[in-house]
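# What would the 3D arrangement of this be:
(3 chains)
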Amino acid sequence: MPELPEIETIKNDLAPKVIGKIITNVSFPLDSNIRILRRFHSTPDFIKELKGTKIQFLRRRAKYLVFYLIPSKSLVMHLGMSGQLRLKKTGTPYEPYTRAVFHFNNGTELRFIDPRKFGEIFLKLPSLQSSPLTLDRLGPEPLEKDFSITCLTRILQKSRRVIKTLLLDQKSIAGIGNIYSDEILFNAKIHPTRLANTLDEDDIKRLHRSIRKILKDAIDNRGTTAADKRYRDGLGKVGKFQKKLKVYQRRGKPCFSCGTTIKSMRVGGRSASFCTHCQK
DNA sequence: AGTACAGCCTGCCTGC
DNA sequence: TGCAGGCAGGCTGTAC
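You can find the predicted model right below:
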């Protein structure tokens, strides 16, 4: 379940190894095309657009990884729930569920591996109509300078939803998923079902600080490989932040702060873990 | 317009 | 042991 910190880690790992490489071909070993790819492109068009392009730089936007190419267009990937990216030497056996392979001019290839098919790959072309709107509709990046307390206050005050649901909404704030929303709310001592527009000034200050702190800590720890053990960084290794989780997947265990048993409940169709004593 | 929710998907775990 | 059913949660489309 790669969220902002995981995609950031993968981007940082991959960038030095793929920048400057030329995509010589793209193949689909399982012949099961990925969601957006199917919706926006025919496979031959997709391959034709990519053949011969050079990777100029990588960027992360929310949970999307974007490869900026020359000539000007971008290749956008979302790893969904179970996606991984692996850079491998050409000719080494494919990992199971390798769905797309981007072949480079130096004998390496980038593999998009995704058991559950929640992942997406699509192209953003300079010719406007061909690009899905997904990326343009995203909310602010929580680690950018413009994500101020004022900015967060505005987002919270115009919402009538519970805070947990709001944090998960990519159109409100980009990049936060279920792991980090739980951890952020615990750090900020806010109950997941509090209505967003009832947070007072102190709550908002703590929430703002917690959002940045947790996401930064998670990046410093190379992301979270939770119980399903699916997430891998750009080098194929597990993250370290799972060792620092305070509430996520800790239902039934004692809170590290007060010893109260961690509870979990469904909030907006998602599981939310929290401490009934610490989070108000 | 803003919000809520089912549905997509497959591996893994639990309970019978 | 084997199998059914529930769970995990990224996002989209649809309904209210």
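# How about the residues of the stretch 51-200 of chain A by DNA strand B?
Counting by CB under 7 Å from any atom of the strand, the stretch 51-200 of chain A comes close to DNA strand B at A:81, A:97, A:115-118, A:158-162, A:165. From N, CA and C alone the C-beta is placed, and that goes for glycine too.
# could I have the helix or strand of chain A with the lowest mean pLDDT exported to CSV, CA atoms only?
Each helix and strand of chain A was given a mean pLDDT (mean pLDDT, DSSP states H and E); the minimum falls on helix A:35-40 at a mean of 72. In CSV, the C-alpha atoms belonging to helix A:35-40 read as follows (Å, rounded to 0.1, in the frame of the first residue of the first chain):
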residue,chain,number,x,y,z
ARG,A,35,-6.5,-0.1,-15.9
ILE,A,36,-5.8,3.4,-17.2
LEU,A,37,-3.8,2.1,-20.0
ARG,A,38,-6.8,0.2,-21.2
ARG,A,39,-9.0,3.2,-20.9
PHE,A,40,-6.9,5.9,-22.5
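# Next one: the residue of the stretch 51-200 of chain A found nearest DNA strand C from A:Thr90, what distance?
In the stretch 51-200 of chain A, the residue found nearest to DNA strand C is A:Gly177; the distance is 2.7 Å by CB to the nearest atom of the strand. Using CB to CB, to the nearest Å, A:Gly177 is found at 33 Å from A:Thr90.
# ok, the two, which is more surrounded?
A direct count of neighbours by other CB atoms under 10 Å for A:Gly177 and A:Thr90 places A:Gly177 higher, at 21 against 12.
# Tell me which residues touch the nearest residue to the more buried one once chain neighbours are set aside, please.
Among residues not flanking A:Gly177 along the chain, A:Glu3 sits closest, at 3.7 Å (CB to CB, 6 or more residues apart in numbering). Residues in contact with A:Glu3 (CB atoms under 8 Å, 6 or more residues apart in numbering) are A:63, A:175-177, A:179-180, A:224.
# what about A:Glu3, distance to DNA strand B?
In this view, A:Glu3 and DNA strand B are 16 Å apart by CB to the nearest atom of the strand, to the nearest Å.
# Quick check: buried residues in stretch A:243-255?
Neighbour-count burial for stretch A:243-255 flags A:245-250, A:255 (criterion: 16 or more other CB atoms under 10 Å).
# Just want to check the distance between A:Asp202 and A:Ile149.
Taking CB to CB as the criterion, A:Asp202 is separated from A:Ile149 by 11 Å.
# quick one, which of these two is more surrounded?
Shown here are A:Asp202 and A:Ile149; by other CB under 10 Å, A:Ile149 has more neighbours (13 against 10).
# List the beta-bridge partners for the closest residue to A:Gly52 other than its chain neighbours.
Residue nearest to A:Gly52 in three dimensions, not counting chain neighbours: A:Ile22, with 6.6 Å by CB to CB, 6+ apart. Listed beta-bridge partners, A:Ile22: A:Lys54 (assigned using DSSP bridges).
# A:Ile22 and A:Thr108 touch, don't they?
No: in terms of CB atoms under 8 Å, A:Ile22 does not count as a neighbour of A:Thr108; the distance is 11.4 Å.
# So which of the residues of the stretch 51-200 of chain A next to DNA strand B sit within strands?
Secondary-structure check on these using DSSP state E: no residue lies within strands.
# Could you save those as TSV and add columns showing pLDDT?
Formatted as TSV, the entries for those read as follows, by pLDDT from 0 to 100:
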residue	pLDDT
A:Met81	88
A:Tyr97	91
A:Pro115	89
A:Arg116	88
A:Lys117	87
A:Phe118	90
A:Lys158	92
A:Ser159	94
A:Arg160	93
A:Arg161	94
A:Val162	95
A:Thr165	95
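# what comes into contact with the helix or strand harbouring A:Arg212?
With elements taken from DSSP states H and E, the one containing A:Arg212 is helix A:201-220. Taking CB under 8 Å, 6+ apart as the criterion, the residues outside helix A:201-220 that touch it are A:4-6, A:8-9, A:142-143, A:147-149, A:152-153, A:156, A:163, A:167, A:173, A:175-176, A:180, A:183-185, A:187-190, A:194, A:199, A:224, A:239, A:241, A:244.
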